[in-house]
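K.L.:
below are the sequence and a predicted model for it; my questions follow.
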Amino acid sequence: AEKIRFASSATYPPFESLDHNNQIVGFDIDLAKALCQQMKAECTFTNNAFDSLIPSLKFRRYDAVISGMDITAERSQQVDFTQPYYANSAIVIAHKGAFTDFSQLKGKRVGVENGTTHQKYLLEKHPEVIAVAYDSYQNAILDLKNGRLNGVFGDSAVVNQWLKANDDLSAVGEHITDSDYFGTGLGIAVRKGNAPLLNQMNKALAALKANGQWQQINQKWFPE
Ligand SMILES: NC(=[NH2+])NCCC[C@H](N)C(=O)O
């Protein structure tokens with residue numbers, strides 16, 4: 001069977017994280033496994049820092065990246081993306097009652113993961129906010145809890161899970177959907193010009209949406 005090497009940054013439950021046995025699990029992993037089954041391919045997964053995923057993909061250390069990654073125009077100059085497999089937006093969270101609106105974050109410390117659209121958005125669109133870079137969102141959340149940060153900025157689907165698990169935290173202001181950064185959806189990245197793999201994946205994605213498997217995986221990781 002064809003072998004497809006996937007890479008992911010397992011710091012982002014429910015999209016991807018490490019379980020108690022150090023196995024990489026999550027929505028993206030189940031989706032990739034279902035895609036591989038559909039494509040009759042053999043898949044492997046490796047865990048890498050988020051900001052190294054695109055450079056290492058270009059370097060051929062693996063064949064595809066599935067990592068809760070937003071499809072953006074800028075990234076599309078470096079890699080090719082599948083059709084979106086998940087719709088998304090972004091939002092800041094903070095301690096309950098600390099802020100009611102994004103504008104109040106001026107001069108405040110907001111945690112982001114290195115290499116993410118969230119980091120880029122704050123640096124480019126809101127230089128008045130202090131963007132503090134982390135190697136993982138998990139460490140940013142810890143620092144928010146112990147008071148070293150005023151907020152954390154992440155994807156709404158992920159942030160919602162943090163809120164469910166921490167009732168001392170809440171969302172600040174509205175969801176952000178600036179389409180230069182977020183809002184086009186999450187996609188799987190392959191090397192530029194790898195049309196055979198891209199087409200295969202797009203076909204398999206469409207098949208999983210049509211046969212209900214995508215919905216099942218969605219229900220498993222994002223129960224209502
Ligand atoms: N697996 C992760 N840690 N993913 C972070 C993704 C953050 C954001 N959606 C981006 O594309 O930049």
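P.N.:
It's in. Numbers count the residues shown, from 1 in each chain.

K.L.:
quick check: mean pLDDT across the host helix or strand of residue 159?
P.N.:
Taking DSSP states H and E as the definition, one finds residue 159 inside helix 156-165. Per-region confidence: helix 156-165 scores 92 on mean pLDDT.

K.L.:
which outside residues touch whichever helix or strand comes after that helix?
P.N.:
Remark: after helix 156-165, the chain's next helix or strand is strand 169-176, criterion DSSP H and E. By CB atoms under 8 Å, 6 or more residues apart in numbering, the surrounding residues in contact with strand 169-176 are 89-105, 121, 144, 151, 156, 159, 162-163, 182. Just so you know, the C-beta spots here come from the backbone N, C-alpha and C atoms, and that holds for glycine as well.

K.L.:
what about those residues, which are in helices?
P.N.:
121, 144, 156, 159, 162-163 (DSSP state H).

K.L.:
of all these, which comes closest to residue 77?
P.N.:
Distance to residue 77 across the ones in helices among the contacts of strand 169-176 (CB to CB) is lowest for residue 121, with 17.8 Å.

K.L.:
thought the closest one was touching residue 178?
P.N.:
Yes. Counting by CB atoms under 8 Å, residue 121 touches residue 178, with 6.6 Å between them.

K.L.:
could you say what helices and strands the helix holding residue 159 packs with?
P.N.:
Helix 156-165 sits against strand 90-95, strand 151-155, strand 169-176, with contacts defined as 3 or more CB pairs under 8 Å, 6 or more residues apart in numbering; DSSP states H and E.
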